[in-house]
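**Student:** have a look; sequence and predicted model below, questions after that.
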Amino acid sequence: NNRQPMWLTAPTEPVTFDTNASWLKFHLGINRYALYSSDDRSIDMLLQDMRSASVIGADYTQDEKALKGACDCSQVVKPSGHHLKLALKLQDFGKAMFKPMRQERHEETPEDFFYFVDFQRHNAEIASFHLDRVLDFRRVPPVVGRLINISREILYATHNDDLRSVFFTSPANNTCFFAKCLYVCKTEYAVCGHPDLLEGSMSAYLPGLSIAPRISIPSPWIRSYTFTGREEYA
């Protein structure tokens, strides 16, 4: 019951590059010790922009493209396990990662739940940013919550035919979609709007590696996803 016609195109809105854009100030303020200074006023503006700026484009993230064989992203990202997420382009050329709400806020994970298929909570992303900020580490990219119209701001805004193809209408007449990942990205694990509105987290992107080279340090608390190869905690 896929209802989007093939002639759908991205909305035509005026797009301007602003040298005072909050995301650009955020990128320029990054140093080796923190992503932003404690008195950086542009962060609050960036949070507001991610909350309200018009979405002019939507696409899969680089790790999902790597899984689909659409790019050689091995030096940039690792394929995700069961995270459903999209890269959204904002009005001022800013870019944010959208992770939709997959569990209600009051839902608790049962004790006997198989954790390999436990969904990541979008509000955990938001909480981690604020906790990191309160502790004055300032090493987590800015994150906000946002209500997205997934028809207007994702389906109609994307040029990616693969992304358009995973949208469908549920029996309850809600717009739903799923994404490409290793484990639980199938129609039965789709997320749905009400009927088009869907809450999620918006995380600011960091500058590209060509602009800001950096190294990847594995988490000392990494967990194993196999029963045979256990990870040793540092």
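**Tutor:** That came in fine, so what should we check first?

**Student:** where do the strands sit along this structure?
**Tutor:** Ranges of strands in the chain, per DSSP state E, are 55-60, 86-90, 95-100, 143-149, 167-169, 175-177, 191-192, 197-204.

**Student:** what mean pLDDT does the longest helix along the chain get?
**Tutor:** Longest helix in the chain, counting residues (DSSP state H): helix 122-134. Averaged across helix 122-134, the pLDDT comes to 93.

**Student:** adjust the sequence numbering to begin at 20 for everything that follows.
**Tutor:** Yep, numbering from 20; the last one is helix 141-153 now.

**Student:** residue 41: which of the strands of the chain is closest?
**Tutor:** Residue 41 lies closest, by CB to CB, to one member of the strands of the chain: strand 216-223, at 9.1 Å. (Each C-beta comes from the backbone N, C-alpha and C, glycine too.)

**Student:** partner strands of the closest one and their direction?
**Tutor:** Sheet pairing for strand 216-223, assigned by DSSP bridges, gives strand 114-119 (antiparallel), strand 162-168 (antiparallel).

**Student:** what is the least confident helix or strand in this protein?
**Tutor:** One helix or strand of the chain scores below all others by mean pLDDT, DSSP states H and E: helix 81-86, with a mean of 55.

**Student:** quick revisit: list the helices and strands the longest helix of the chain packs on?
**Tutor:** On a contact count with 3 or more CB pairs under 8 Å, 6 or more residues apart in numbering; DSSP states H and E, helix 141-153 meets strand 114-119, strand 162-168, strand 216-223.

**Student:** which of the residues in it are buried?
**Tutor:** Applying a neighbour-count criterion of 16 or more other CB atoms under 10 Å, the buried positions in helix 141-153 are 141, 142, 144, 145, 148, 151, 152.

**Student:** where does the prediction get shaky in the chain?
**Tutor:** Residues of the chain meeting the criterion pLDDT under 70: 20-36, 82-102, 129, 132-138, 199-205, 243-246, 248, 250, 252-253.

**Student:** what about the helices in the protein?
**Tutor:** With DSSP H as the criterion, the chain has helices at 41-47, 61-71, 81-86, 141-153, 180-184.

**Student:** and of those, who's closest to residue 226?
**Tutor:** Minimum separation from residue 226 across the helices of the chain (CB to CB) falls at helix 41-47, 4.8 Å.

**Student:** and that closest one, how far from the chain's centre?
**Tutor:** 18 Å (CA atoms, centre = their mean, to the nearest Å).

**Student:** what helices or strands is that helix leaning on?
**Tutor:** Applying 3+ CB pairs under 8 Å, 6+ apart, one finds that helix 41-47 contacts helix 61-71.

**Student:** in the helix it packs on, which residues are buried?
**Tutor:** Going by neighbour count (16+ other CB under 10 Å), the buried part of helix 61-71 is 61, 62, 64, 65, 66, 68, 69.
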